[in-house]
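> sequence first, predicted model second:
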Amino acid sequence: MTKKDKGPKVTTVTTKSGEQLKVFEELDDFERYLREEVEDSKNVDNMHLQLNYYPPFVLHHIHDDPDNIKDTDNSHNKKFVRHLHQHVEKHLLKDIKEALQDPDLKFKDKSKDESFEGIVWHYAQDTQVKNKKFKVQVNVSCNHTDAMVAVDYQTMPL
């Protein structure tokens, strides 16, 4: 993203139920949008965001050229899965916690679904931001075909 761009790049999709879904392709854009929404105190308690991206450790390894991604970087590769889980736990969830400005957010409800098709990590917790109580759910998935990671971030009012 160049310095001239002011806001995050986002695609808005309206689902059949009328829900506004924001889809991001860059981790930085996702985090920036989340921080801005919390600062503006808009729909922080009723939000649905999706992020589809290559994790930073993959981009670093291939020198930011997606054409050089190995076919083996997927959910069947133990090293890839280990690095992805570390990235999620130490960076993605930490950045979400900082964006929500909630030091007590620990994502205590954790689970993992694993199949031949891929792996999905589920994280959830109730929280409060600026007197709005809501549940945060984050689902992170990777599949067996490529290194692309999908994040589904959703908040629901309590």
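Nice, thanks for sending it over. This structure is a prediction, so every number in the text was calculated from the model and none was measured. Numbering: from 1, shown residues only.

> buried ones in the lengthiest helix in the chain?
Using DSSP state H, we find that the single longest helix of the chain is helix 27-40. Residues of helix 27-40 classed as buried by neighbour count (16 or more other Cβ atoms under 10 Å): 27, 29-35, 37-38. No exception for glycine: its C-beta is placed from N, CA and C like everyone else's.

> which two of those residues have the greatest separation?
Pairwise distances among the buried residues of helix 27-40 were taken by Cβ to Cβ; the largest, 16.9 Å, belongs to Leu27 and Val38.

> re the thing from before, what lines up beside the helix or strand that the longest helix of the chain is followed by in the sheet?
Once the chain leaves helix 27-40, the next helix or strand it forms, by DSSP states H and E, is strand 47-53. Paired neighbours of strand 47-53 in the sheet (DSSP bridges): strand 20-24 (parallel), strand 149-157 (antiparallel).

> for the first one, C-alpha coordinates in PDB please.
When you say that, I think you mean strand 20-24. This file holds the C-alpha atoms of strand 20-24, laid out as PDB (Å, rounded to 0.1, in the frame of the first residue of the first chain):
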ATOM      1  CA  GLN A  20     -22.800  -6.100   5.500                       C
ATOM      2  CA  LEU A  21     -19.600  -8.200   5.100                       C
ATOM      3  CA  LYS A  22     -16.300  -6.500   4.700                       C
ATOM      4  CA  VAL A  23     -13.600  -8.500   2.900                       C
ATOM      5  CA  PHE A  24      -9.900  -7.700   3.100                       C
END
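
> angle of that strand against helix 27-40?
On the basis of axes from the mean of the first three to the mean of the last three Cα atoms, to 10 degrees, strand 20-24 is oriented at 140 degrees to helix 27-40.

> distance from the chain centre to strand 20-24, please.
12 Å (Cα atoms, centre = their mean, to the nearest Å).
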